[in-house]
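Undergrad: structure, please.
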Amino acid sequence: MIRTLNKMEIEGNYLNIIKAIYYKPTANIILNGEKLNAIPLRTGTRQGCPLSPLLFNIVLEVLARAIRQEKGTKGIQIGSEEVKLSLLADDMILYIENPEESIRKLLEIINNYSKVAEYKINLEKSFALLYSNNKLEEREVKNTISFTIATKRIKYLGINLTKDMKLTH
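TA: Next up, the predicted model:
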């Protein structure tokens, strides 16, 4: 996390304070009323720390920037803007045209991010919804990615997104 914050040009007193808070972090567990030995935390942010959501978002922004700047990945056009992703808290949704061309590069970016930031994408909570009528293209994408392909809809931030582009509750 500290390396990633450095890349985002967070330095000086701010970085020193974060380093002090996150230097050798531990978690304590109370089992049946008895406090167990502290467990060292190796990665991530501290649960319950007021800084954690902000730090997570700063670190996630590194991935978002890498995706936005990737020339080989085409997002969708909304007005005059090309949109590749949306972020809210720890949720990300990608809007990608030509997934058969873009997906490998995206997976490479995500894999590199995971190594540098020491965060992993939870593939069990990751879904793809393909807006395509091309069965061959869908099969190729399914063979490329390691997460679930939703066949009819996905729920994103409490909203059902469906293949027919209608919102349902």
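Undergrad: now residue 63: how far from residue 70?
TA: Shown here: residue 63 relative to residue 70, a distance of 11 Å by Cβ to Cβ, to the nearest Å. Just so you know, the C-beta spots here come from the backbone N, C-alpha and C atoms, and that holds for glycine as well.
Undergrad: what touches both of the two?
TA: Shared contacts of residue 63 and residue 70, defined by Cβ atoms under 8 Å, 6 or more residues apart in numbering, comprise residue 109.
Undergrad: neighbour count for the two, which is higher?
TA: Shown here are residue 63 and residue 70; by other Cβ atoms under 10 Å, residue 63 has more neighbours (22 against 16).
Undergrad: need the contact list for the closest residue to residue 58 other than its chain neighbours.
TA: Excluding the flanking residues, the one nearest residue 58 by Cβ to Cβ, 6 or more residues apart in numbering is residue 8, at 5.7 Å. By Cβ under 8 Å, 6+ apart, residue 8 lies in contact with 58, 61-62.
Undergrad: A helix includes residue 14, no?
TA: Yes. Under DSSP: H, G, I helix; E, B strand; the rest coil, residue 14 falls within a helix.
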